[in-house]
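Chemist: Requesting a structural model of the entry that follows:
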Amino acid sequence: MQQANRLRPFFENITFDRVDNEMILNFGPQHPSAHGQLRLMLHMQQEQITKAHPDIGYLHRGMEKMAENMIYNEFMPTTDRMDYIASSSNNYGFALAVEKLIGLEVPR
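Modeler: Just a heads-up that it's a prediction; the model follows:
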């Protein structure tokens, strides 16, 4: 019988040792300050965080694959939608990368 490939969660290989007064708290991706892109597994003792396991990669929509079939000026509006909090930084980063790849010196 064939088994389908699946993505394994990052915490599959993490072992949890039982520690007195320790609480494991899942933070995000739905928490307002996580902006939907980050999940943290926090180990807490009382009110202090003793350990944190980040799980990044939420909101991955395959933008890189979309960009493979576009020319650079067609993809620029898509960079606005990669991160709704910092859309202008994505535009700037993409523009700098394209300029460097094609060897374009932009007058300042």
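Chemist: partner residues bridging residue 48?
Modeler: On the basis of DSSP bridges, residue 48 takes part in beta bridges with residue 45.
Chemist: For it, grab the count of nearby residues.
Modeler: When neighbours are counted by other Cβ atoms under 10 Å, residue 48 registers 7. Where you see a C-beta, it was placed from the backbone N, CA and C, and this is true even at glycine.
Chemist: burial measure for residue 89, as a count.
Modeler: Residues contacting residue 89 under the criterion other Cβ under 10 Å number 12.
Chemist: going forward, begin numbering at 96 instead of 1
Modeler: Renumbered: residue one is now 96, and that last one reads residue 184.
Chemist: pretty sure it is in a helix, no?
Modeler: Yes - with DSSP: H, G, I helix; E, B strand; the rest coil as the criterion, residue 184 is assigned to a helix.
Chemist: tell me the contacts of it?
Modeler: Neighbouring residues of residue 184 by Cβ atoms under 8 Å, 6 or more residues apart in numbering: residue 178.
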